[in-house]
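# build me a model from this:
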Amino acid sequence: MHIPDGYLGPKTCIAFYAVMAPLWYIASSRAQKSLKAAQLPILALGAAFTFVIMM
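Numbering: from 1, shown residues only. Have a look, this model is predicted:
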């Protein structure tokens, strides 16, 4: 679900980015450690499928 442009103020956006940045770093680090090259096409297919059903 999307929210309209301009709905969140700059302070809110900065605060949420500050909270999420370490979590994104941790998640990407764990994904790099646990994913093998053979699993990447399956992950990409799942991401594409999720994108298609949301549209």
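# CA atoms of the helix or strand containing Phe51 as CSV?
Assigned by DSSP states H and E, Phe51 falls within helix 40-54. Taking Å, rounded to 0.1, in the frame of the first residue of the first chain, the C-alpha atoms of helix 40-54 are listed here in CSV:
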residue,chain,number,x,y,z
LEU,A,40,19.6,-16.0,-6.7
PRO,A,41,17.5,-16.8,-9.8
ILE,A,42,14.8,-18.2,-7.5
LEU,A,43,14.9,-15.2,-5.3
ALA,A,44,14.6,-12.9,-8.3
LEU,A,45,11.7,-14.9,-9.7
GLY,A,46,9.9,-14.6,-6.3
ALA,A,47,10.5,-10.9,-6.2
ALA,A,48,9.2,-10.5,-9.7
PHE,A,49,6.1,-12.6,-8.9
THR,A,50,5.4,-10.5,-5.8
PHE,A,51,5.7,-7.3,-7.8
VAL,A,52,3.3,-8.6,-10.5
ILE,A,53,0.6,-9.7,-8.1
MET,A,54,0.8,-6.3,-6.3
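# tell me the pLDDT of the residue nearest to the spatial centre of the chain.
Centroid-nearest residue in the chain: Trp24, 7.4 Å away (criterion: CA atoms, centre = their mean). Trp24 is assigned 97 on the pLDDT scale.
# could you measure from Cys13 over to Tyr25?
Taking CB to CB, to the nearest Å as the measure, Cys13 falls 18 Å from Tyr25. Every C-beta, even on glycine, is put in place using the N, C-alpha and C of the backbone.
# meant to ask about Phe51
Phe51 is 23 Å from Tyr25, by CB to CB.
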